[in-house]
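Visitor: missing the sequence, but the structure's below:
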């Protein structure tokens, strides 16, 4: 794949991730990690590096947000009563 | 579930056996599948044996189709260019590699299906809902009526498939590429979002896990969108392969759930026969499709094909040479669940345009298998797991399918033309299933009961 195309792909994946798609950012990081950090330098590499770094940042942010929310939900779901049920997709049976 | 029919529109299973050779540079091993989004995004695997022959003798680096055995065909063609012993050895090596490259995804798909069947009871519960393609309800009480109804269901299903395939061929002949592409995108949207949503719901219910809507929406949204991007546009090869496997597994699970018991077995048998006819007979729709594509020097319509390696085309001087550059053997049955473009071939096309002059670039083209094949293999093994007595039956079916796949690849190497991937495997699978269930299982049971170890 020519380097310009790699750059363009990396950029598009980075931009796409803003549509609530941390998974896309993860794919971006994993796919272009070697390109950005382990290959000998070429002209487009610094830009790819920056995109990978920014994607990683965004990914970490999203992971933090999601982890927090999931922890809160799992812990307090039963206590929230009706709101908890309303938010739930599946409700475990046989537990409080 | 009526819309699953759409997914049957595009013929049957392809097994493409690609010419292989080592890639010279590491970058070509990057294995990023590039799928271009412009239409016609049709893969170019229409290299027929005949068309590639003139170029075969020219390009000395070109390896013949790899297969597990030495065939007279490619070997004699290659005699002029390369030493025999080395050639055969390479052929053998690549052939074995290709077989393994297909074993792994097929196995993974089957493992996913069997694991789901065994753990999530939803897919084995019989529901009152049925696919509209199997309108006759089987009455478990009367054998004769059950048999009759399953035959009728099969006839309905097969005729739907035939009609869909013919529509597809007609659409292709009249160049309605946008329509086909749109249809594929719609089908893949449904698979990636709706079916996976159902699947997740059932898994969570089975494991009694609380899941909230916001998280669920995030998961499904991410899974679906990245899937669409990977399959229909560009994405890492491994991810694309994984998505194709997951989609096939989801589709197979839907079939397992919604096809009535006996109808499923008869349908499996009938589809293999249809596959055989459609691909091999001169007036078969799939064969016509292939030939039309070859006439136009175009890649075949976008269908879901699983490809196991990246293709960087060996240099071709210009696009008119594209056909001859690779001898791809196409084993075509048709592609069932169809969405999206075959990334491999698009990459190939892209690669061709880019590396036009270097003839000593070699590529590792890997093997291709249509998703319909994955789906029906998994349906067979899944049903064996669901209704068969124990693991013996499941394993026997699994082994049978792999043996069938091996043989099909072998035949492909020998005949070097489009071959259906379903018949041999499904036949073996069915034979093994019924014989294991009815002969081996009682035997093993009574051996165990009498504590007699053999």
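Guide: Looks like it arrived, so ask away. The model shown is predicted, which means the values in this text are computed figures rather than measured ones. Numbers count the residues shown, from 1 in each chain, chains lettered A, B, ... in the order given.
Visitor: The one helix or strand residue B:409 maps to: which residues count as buried?
Guide: Per DSSP states H and E, residue B:409 falls inside helix B:391-415. By neighbour count with 16 or more other C-beta atoms under 10 Å in any protein chain shown, helix B:391-415 contains the buried residues B:392-398, B:400-402, B:404-406, B:408-415. To be clear about C-beta, it is placed using only N, CA and C from the backbone, and glycine gets the same treatment.
Visitor: Which elements pack onto that helix?
Guide: strand B:11-17, helix B:84-119, strand B:329-334, helix B:371-387, helix B:422-435, helix B:441-449 (3 or more C-beta pairs under 8 Å, 6 or more residues apart in numbering or on different chains; DSSP states H and E).
Visitor: any chance of the ones you listed in CSV, with mean pLDDT and mean neighbour count too?
Guide: Below are those laid out as CSV (pLDDT from 0 to 100; neighbours: other C-beta atoms under 10 Å in any protein chain shown):
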stretch, mean pLDDT, mean neighbour count
strand B:11-17, 37, 31
helix B:84-119, 82, 18
strand B:329-334, 36, 30
helix B:371-387, 92, 28
helix B:422-435, 93, 22
helix B:441-449, 85, 12
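Visitor: quick one, which of the ones you listed is nearest to residue A:30?
Guide: Proximity to residue A:30 (C-beta to C-beta) singles out helix B:84-119 among those, at 19.4 Å.
Visitor: got the angle between the closest one and helix B:391-415?
Guide: Counting by axes from the mean of the first three to the mean of the last three C-alpha atoms, to 10 degrees, helix B:84-119 lies at 150 degrees to helix B:391-415.
Visitor: Helix B:84-119 packs against which elements?
Guide: Using 3+ C-beta pairs under 8 Å, 6+ apart, helix B:84-119 is in contact with helix B:72-78, helix B:196-206, helix B:237-258, strand B:367-370, helix B:371-387, helix B:391-415.
Visitor: Go again with 6 Å.
Guide: Judged by 3 or more C-beta pairs under 6 Å, 6 or more residues apart in numbering or on different chains; DSSP states H and E, helix B:84-119 is in contact with helix B:237-258, strand B:367-370, helix B:371-387.
Visitor: between the ones you listed, which gets nearest to residue B:425?
Guide: Closest approach to residue B:425 among these is made by helix B:371-387 (6.2 Å; C-beta to C-beta).
Visitor: tell me the angle the helix holding residue B:409 makes with helix B:371-387.
Guide: If you take the same axes, to 10 degrees, helix B:391-415 sits at 160 degrees to helix B:371-387.
Visitor: same question for helix B:391-415, mean pLDDT?
Guide: Mean per-residue pLDDT for helix B:391-415: 90.
Visitor: now do stretch B:161-180
Guide: Stretch B:161-180 shows a mean pLDDT of 87.
Visitor: Can you list the buried residues in it?
Guide: For stretch B:161-180, the neighbour count (16+ other C-beta under 10 Å) marks B:161, B:164-169, B:171-172, B:177, B:180 as buried.
Visitor: Next, give me the two most distant ones among those residues.
Guide: Across these (C-beta to C-beta), the longest gap, 21.7 Å, separates B:161 and B:177.
Visitor: before we move on, what SS does residue B:132 have?
Guide: What DSSP: H, G, I helix; E, B strand; the rest coil gives for residue B:132 is coil.
Visitor: Check the spacing between it and chain A real quick.
Guide: Per C-beta to the nearest C-beta, to the nearest Å, residue B:132 is found 29 Å from chain A.
Visitor: and that residue, how many neighbours does it have?
Guide: 12 (other C-beta atoms under 10 Å in any protein chain shown).
Visitor: Next, give phi and psi for it.
Guide: Dihedral pair for residue B:132: phi -70, psi -10, per degrees, to the nearest 10.
Visitor: confidence score at it?
Guide: You'll see residue B:132 listed with a pLDDT of 78.
Visitor: burial measure for residue B:129, as a count.
Guide: If we define neighbours as other C-beta under 10 Å, then residue B:129 has 9 of them.
Visitor: let me fix that: residue B:227
Guide: Using other C-beta under 10 Å, residue B:227 has 27 neighbouring residues.
Visitor: what element comes up after the helix or strand of chain A with the lowest mean pLDDT heading to the C-terminus?
Guide: The weakest-scoring helix or strand in chain A, judged by mean pLDDT, DSSP states H and E, is helix A:82-87 (a mean of 81). For helix A:82-87, the following helix or strand on the C-terminal side (DSSP H and E) is strand A:88-90.
Visitor: right, and residue B:289 touches residue B:169 too?
Guide: Yes. Counting by C-beta atoms under 6 Å, residue B:289 touches residue B:169, with 5.0 Å between them.
Visitor: Which residue, other than its chain neighbours, is closest to the closest residue to chain B within chain A?
Guide: Proximity of chain A to chain B (C-beta to the nearest C-beta) peaks at residue A:23, 3.8 Å away. Spatial nearest neighbour of residue A:23, excluding adjacent residues (C-beta to C-beta, 6 or more residues apart in numbering or on different chains): residue B:222 at 3.8 Å.
Visitor: Number of residues surrounding the one you found?
Guide: Neighbours around residue B:222, by other C-beta under 10 Å: 21.
Visitor: Checking it next. Helix, strand or coil?
Guide: Secondary structure assignment for residue B:222 (three-state DSSP): helix.
Visitor: The one 4 residues further on too?
Guide: When the structure is split into helix, strand and coil by three-state DSSP, residue B:226 lands in helix.
Visitor: so it touches residue A:23, yeah?
Guide: Yes. Here residue B:226 reaches residue A:23: they are 5.0 Å apart, a contact under C-beta under 6 Å.
Visitor: So which elements touch the longest helix along chain A?
Guide: Criterion DSSP state H: the longest helix present in chain A is helix A:45-80. Contacts defined by 3+ C-beta pairs under 6 Å, 6+ apart place helix A:45-80 against helix A:3-16, helix A:22-33.
Visitor: hmm, who's touching the least confident helix or strand of chain A?
Guide: If you take C-beta atoms under 6 Å, 6 or more residues apart in numbering or on different chains as the criterion, helix A:82-87 is touched by A:77, B:212-213.
Visitor: returning to what we had before: chain A: which of the helices and strands packed on helix B:84-119 is closest?
Guide: Among the helices and strands packed on helix B:84-119, helix B:237-258 sits nearest to chain A (C-beta to the nearest C-beta), with 6.3 Å.
Visitor: Would you mark the buried spots in the closest one?
Guide: Neighbour-count burial for helix B:237-258 flags B:237, B:239-241, B:243-258 (criterion: 16+ other C-beta under 10 Å).
Visitor: any idea of the angle that helix forms with helix B:371-387?
Guide: Orientation note: helix B:237-258 sits at an angle of 50 degrees relative to helix B:371-387 (the same axes, to 10 degrees).
Visitor: So for helix B:237-258, mean pLDDT?
Guide: Per-residue pLDDT over helix B:237-258 has a mean of 92.
Visitor: Buried residues of the next helix or strand after it, list them for me.
Guide: Counting by DSSP H and E, the next helix or strand C-terminal to helix B:237-258 is helix B:261-280. For helix B:261-280, a neighbour-count test (16+ other C-beta under 10 Å) marks B:262-268, B:270-272, B:274-280 as buried.
Visitor: got it, and stretch A:70-89?
Guide: Buried positions in stretch A:70-89, judged by neighbour count with 16+ other C-beta under 10 Å: A:73, A:77, A:84, A:87-89.
Visitor: can you give me the end-to-end distance of that stretch?
Guide: Start and end residues of stretch A:70-89 are separated by 13 Å (C-alpha to C-alpha, to the nearest Å).
Visitor: Good, we can wrap up now.
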